[in-house]
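[1] model the structure of this input:
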Amino acid sequence: MPLRQLAMPRIVLLAYLYQGIPYSWGGGHKEDPGPSTGTCQGYTGKIKPCPAKRTRGLDCSGLARAVYARAYGEDVLGPGNTDEHLRRMRRVEEPKPGDLVFFGRPRTKHVGIYIGSGRMMNAPETGAVVRVDDVDRRDDLVGYYRF
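    Residues are numbered from 1 along each chain as shown. Sure thing, here's the model as predicted:
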């Protein structure tokens, strides 16, 4: 393992374990955090019919929930959506790897795990997989938050 990866915070290292898992609307919100089939309730994705009920994976908040549960040893974020997760966090001006980065106004619509250098691990949308993207890929940044 490269030296740089050894120095990365535990949350970031854990986030990389989920890289490549399929996106599933509502995935990761069963009783136990982690990949699960999703739901088609409230689905607004481009792929029709909704594939979530047959796709085992994670949505953006399901990814954050699973990673934080593994890092903290318990389900600290809970099964809620991005707005509910944001309320459990405190806003920070200087992000550090492992912080959560939230997007969307007036309600949050997306969350990623900040990995440093302007990048985040996230489950972006139906048809994609958990992957690394630039934070500025989206133009609706709310801010960075820490548990």
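
[2] wait, is residue 105 part of a strand?
    No - secondary structure of residue 105 (DSSP: H, G, I helix; E, B strand; the rest coil): coil, not part of a strand.

[3] from what I see, residue 23 and residue 131 are in contact.
    No - applying Cβ atoms under 8 Å, one finds residue 23 not in contact with residue 131, separated by 9.3 Å. No exception for glycine: its C-beta is placed from N, CA and C like everyone else's.

[4] quick one, which of these two is more surrounded?
    The neighbour comparison of residue 23 against residue 131 (other Cβ atoms under 10 Å) goes to residue 23, with 27 against 15.

[5] in three-state terms, label residue 83 for me.
    Applying three-state DSSP: residue 83 is helix.

[6] helix or strand: which one has the closest residue to it other than its chain neighbours?
    For residue 83, ignoring the flanking residues on the chain, the nearest one in space by Cβ to Cβ, 6 or more residues apart in numbering is residue 108 at 5.2 Å. Element membership for residue 108 (DSSP states H and E) is empty, with no helix or strand holding it.

[7] got the phi/psi numbers for residue 108?
    Main-chain torsions, residue 108, degrees, to the nearest 10: phi -70, psi 150.

[8] tell me who's in contact with residue 50.
    25, 40, 43, 126 (Cβ atoms under 8 Å, 6 or more residues apart in numbering).
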